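Q: return atomic coordinates for the entry below.
(4 chains)
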There are 2 protein chains.
Amino acid sequence: MVKEQNTERIILEAAREVFHLKGMAGARMQEIADKAGINKALLHYYYRSKEKLFEAILLDTIQRFLPTVRELWESDYSVFQKIENFVHGYIDLLKQNSYMPAFILQELNLNPNFLKEMMEKQIISFNPMKFFMQIEDETRRGKIIPIQPIQLVINMLALSIFPFMAKPMITGFTHMGNDDFNRLMDMRKTDITNFIINSIRLR
Amino acid sequence: MVKEQNTERIILEAAREVFHLKGMAGARMQEIADKAGINKALLHYYYRSKEKLFEAILLDTIQRFLPTVRELWESDYSVFQKIENFVHGYIDLLKQNSYMPAFILQELNLNPNFLKEMMEKQIISFNPMKFFMQIEDETRRGKIIPIQPIQLVINMLALSIFPFMAKPMITGFTHMGNDDFNRLMDMRKTDITNFIINSIRLR
DNA sequence: GTCTATAATTTGATAGAC
DNA sequence: GTCTATCAAATTATAGAC
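A: Reported below is the predicted structural model:
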């Protein structure tokens, strides 16, 4: 039983690494088995098929994205404080694993119904109302410019997440190393926060 | 000879469609052949292997991205005008084919040397100096805030490109249709331009 | 639970006729 | 140039021993 939990954890970690980099189509069960230090047959013992293993990883990966956005929707912080928390949250998350967003978005492209199914099963939810009203409130009070809440959220996501998806391009063109890139991302935590706040604050 | 050019064009168009959506690993020669209305053998007659066909598509796709960024580097417009042109250029490009950026970045992730090789062969170049100095000039003249040019460029790319990569997520969560999404992207052309200019302009 | 060996299927690639 | 038929390799999945 102890053995079982341990092996399962090792499998999931190996599978995550391989699926994140190669995607569903490019991943090989053999590579996952090698990375986990077991053999292919055992993979099928724990997860009946590649498909099942993949879905476990995809769902788990999506769920790692949710806490930060749920805090944006539901917490009681001010708009500016929420923006800072959001940017810091995602950049810190992605510094650990920069492949996550490209993986999620590519697989959602291939299977547009996945999200809908997860929402119907209440496994994933999307309740931005409180935050959207907060934005409209601040606009009415003359604190920020008029802006569609959805556009603001897209901008926050874009500025936080895109650089990690573009990491090979950024490091390739600028001849940065890994450490340089991570330093750049650390600077972005305050840079982007200011960038966003500057652009919406009314002065 | 006329037939040859025509068939080759049809093949490339079919291959682009399939590779863009499925990637190198997920694409099937059979699907490309079907979409082109020919059979697999003919694909191999024109392109010796899947690998060769893929590389043709990848290079062509990257090159479609270059004119807009080259204009950013090399033209004589003002900084603010360049930002507007850049945002409009990429959003208009991606409204036609939203899969391009995810395709390019995923394949660069898998083959980080590709970019380096293309730069060494002078097929792709990267000369941002003039634009970077323009930014520093405007900062010195008190027109815009101090900002690292590379961060500004990343922000411009992120705000223009990311929403297309996140299209399935955006439409999935908000229950938008395709037309709604395209309208949102059209609005972004001016929204983002203002967003960026607002955040860097000194007042 | 874990392994070795092998079946079954998919898929890129080629031979050869027209 | 284009097709049909077929090969060869790669890869998922399973059977069965320990």
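
Q: residues touching residue A:151, list them.
A: The contact partners of residue A:151, taken as C-beta atoms under 8 Å, 6 or more residues apart in numbering or on different chains, are B:184, B:187-188, B:191. (C-beta placed from N, C-alpha, C; glycine too.)

Q: repeat that for 10 Å
A: With contacts defined as C-beta atoms under 10 Å, 6 or more residues apart in numbering or on different chains, the neighbours of residue A:151 are B:159, B:163, B:184, B:187-188, B:191-192, B:195.

Q: could you check how far it is from residue A:158?
A: In this view, residue A:151 and residue A:158 are 10 Å apart by C-beta to C-beta, to the nearest Å.

Q: ok, residue A:20 next?
A: 20 Å.

Q: what's the answer for residue A:107, then?
A: For residue A:107, the distance to residue A:158 equals 19 Å [C-beta to C-beta].

Q: which strand or helix spans the residue most central in space within chain A?
A: For chain A, the residue nearest the mean C-alpha position is residue A:65 (4.4 Å; C-alpha atoms, centre = their mean). Following DSSP states H and E, the helix or strand that holds residue A:65 is helix A:50-74.

Q: how far out from the middle of the chain is that helix?
A: Helix A:50-74 sits 8 Å away from the centroid of its parent chain (C-alpha atoms, centre = their mean, to the nearest Å).

Q: what about that helix and DNA strand C, any contact?
A: No. Counting by C-beta under 7 Å from any atom of the strand, no contacts exist between helix A:50-74 and DNA strand C, the nearest distance being 11.8 Å.

Q: that helix and DNA strand D, are they touching?
A: Yes. Taking C-beta under 7 Å from any atom of the strand as the criterion, helix A:50-74 and DNA strand D are in contact, through A:50-51.

Q: output the below-cut-off pLDDT ranges for chain A.
A: Under the criterion pLDDT under 70, the flagged ranges of chain A are A:1-4.

Q: again, only using 50
A: Residues of chain A meeting the criterion pLDDT under 50: A:1.

Q: quick one, helices of it?
A: Along chain A, the stretches classed as helices by DSSP state H are A:2-26, A:29-36, A:40-46, A:50-74, A:79-96, A:100-110, A:113-120, A:129-140, A:149-165, A:167-174, A:178-200.

Q: which residues does residue A:113 contact?
A: By C-beta under 10 Å, 6+ apart, the contact set of residue A:113 is A:120, B:168, B:172.

Q: what residues of stretch A:49-63 count as buried?
A: Within stretch A:49-63, the residues that qualify as buried by neighbour count (16 or more other C-beta atoms under 10 Å in any protein chain shown) are A:50, A:53-58, A:61-62.

Q: go on, stretch A:119-134?
A: Using 16+ other C-beta under 10 Å as the burial criterion, the residues of stretch A:119-134 that qualify are A:124, A:126, A:128, A:131-132, A:134.

Q: and residue A:97, its phi and psi?
A: According to degrees, to the nearest 10, the main-chain angles of residue A:97 amount to phi -150, psi 90.

Q: from memory it sits against residue A:13, does it?
A: No. With contact defined as C-beta atoms under 10 Å, residue A:97 and residue A:13 do not form a contacting pair (11.3 Å).

Q: list the contacts for the spatially closest residue to residue A:152 that is not a sequence neighbour?
A: When the adjacent residues along the chain are set aside, residue A:152 lies closest to residue A:135, with 6.5 Å between them (C-beta to C-beta, 6 or more residues apart in numbering or on different chains). Residues touching residue A:135, when contacts are defined by C-beta under 10 Å, 6+ apart, comprise A:79, A:82, A:128, A:143-144, A:146-150, A:152-153, A:200.

Q: just put those residues in a markdown table and tack on distance to DNA strand C.
A: Below are the contacts of residue A:135 laid out as a markdown table (distance: C-beta to the nearest atom of the strand, whole Å):
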| residue | distance to DNA strand C |
| --- | --- |
| A:79 | 48 |
| A:82 | 43 |
| A:128 | 39 |
| A:143 | 55 |
| A:144 | 50 |
| A:146 | 50 |
| A:147 | 45 |
| A:148 | 42 |
| A:149 | 42 |
| A:150 | 37 |
| A:152 | 42 |
| A:153 | 37 |
| A:200 | 47 |
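
Q: are any of those residues buried, and which?
A: Neighbour-count burial (16+ other C-beta under 10 Å) is assigned, among the contacts of residue A:135, to A:79, A:82, A:128, A:144, A:147, A:149-150, A:152-153, A:200.
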